[in-house]
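>>> Got a sequence here, can you model it:
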Amino acid sequence: MSRIGRAPIEIPPGVEVKITQANFVTVKGPKGTLEQQVSPDMDIAVEGTTVSVTRPTDTPKHRSMHGLSRTLISNMITGVTDGFKKELDINGVGYRATMEGNKLVMNLGYSHQVIIDSIDGISIDVPAPTKIIISGIDKQVVGQVAADIRSKRPPEPYMGKGIKYADEVIRRKEGKTGVK
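As a prediction, the model looks like this:
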């Protein structure tokens with residue numbers, strides 16, 4: 001049985017979990033509400049302060065959906081209580097970011113500024129010109145917004161210039177002069 005799938009999910013105080021027809025899960029908490037359709041084959045039960053996910057059979061499809069369904073529900077509960085956050089670092093001479101109203105404006109070495117509009121449910125903060133913090137309650141959306149911002153100028157391996165995740169390690173290359 002899946003190690004992740006069989007672990008029960010604790011429901012913290014102040015969080016309400018509802019499961020309706022076809023495993024439509026709604027989680028309400030102090031930071032907001034999240035809704036998601038989980039695999040209709042899985043058996044989801046709310047018992048007191050825990051949520052458990054079980055699979056009906058041992059077929060490969062059910063085995064693959066078991067851990068995923070449990071993780072999706074767990075991420076929803078974590079999101080409405082604590083939220084999720086991604087930090088990006090900008091490296092490069094003249095590369096910087098600022099917030100102008102509700103838009104993220106970045107100078108990334110192009111002939112124009114890169115402007116990203118705000119997204120509902122996501123807050124973008126720029127505490128320093130070379131640091132961007134993206135936070136929100138939906139883990140998938142936070143990760144996607146961070147990936148979209150990073151894709152505007154991914155880090156390159158020779159000088160390390162570009163936008164990278166704060167915990168990302170860029171493997172550096174020597175370049176032409178390093179080979180003799």
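
>>> okay, CA-based contacts and neighbour counts for the rest of this
OK.

>>> what ranges do the helices span in this protein?
60-81, 139-150 (DSSP state H).

>>> where does the chain dip in pLDDT?
Applying pLDDT under 70 to the chain flags the ranges 1-2, 179-180.

>>> go with 80
1-2, 178-180 (pLDDT under 80).

>>> Quick check: buried residues in stretch 126-138?
Buried residues in stretch 126-138, counted by 16 or more other Cα atoms under 10 Å: 126, 130, 131, 132, 133, 134, 135, 136, 137, 138.

>>> Next, format those as a markdown table and append distance to residue 145.
Shown next, in a markdown table, are the buried residues of stretch 126-138 (distance: Cα to Cα, whole Å):
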| residue | distance to residue 145 |
| --- | --- |
| 126 | 15 |
| 130 | 17 |
| 131 | 15 |
| 132 | 11 |
| 133 | 11 |
| 134 | 8 |
| 135 | 10 |
| 136 | 10 |
| 137 | 13 |
| 138 | 11 |
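
>>> Near residue 87, how many other residues are there?
Neighbour count for residue 87, taken as other Cα atoms under 10 Å: 17.

>>> Verify the stated contact: it with residue 165.
Yes. Contact criterion Cα atoms under 8 Å: residue 87 and residue 165 qualify, at 5.9 Å.

>>> For stretch 3-21, measure first residue to last.
From its first residue to its last, stretch 3-21 covers 26 Å (Cα to Cα, to the nearest Å).

>>> Mind listing what's buried along it?
5, 8, 9, 11, 15, 16, 17, 19.

>>> now swap in stretch 29-38 and tell me
Counting neighbours by 16+ other Cα under 10 Å, one finds that the buried residues in stretch 29-38 are 29, 32, 33, 34, 35, 37, 38.

>>> Check the gap between the third one and residue 136 for me.
Read it as residue 33. Using Cα to Cα, one obtains 12 Å as the distance from residue 33 to residue 136.

>>> again, but for the last one
According to Cα to Cα, residue 38 stands 21 Å off from residue 136.

>>> How about the first one?
Look at residue 29 and residue 136: by Cα to Cα, they are 13 Å apart.

>>> same thing with the second one?
Look at residue 32 and residue 136: by Cα to Cα, they are 10 Å apart.

>>> Could you do residue 116 as well?
For residue 116, the distance to residue 136 - Cα to Cα - is 16 Å.

>>> With residue 158 instead?
33 Å.

>>> Could I get the full set of strands for this protein?
9-10, 16-20, 24-29, 32-37, 43-47, 50-54, 84-91, 96-100, 103-107, 114-117, 122-128, 131-136, 162-165 (DSSP state E).
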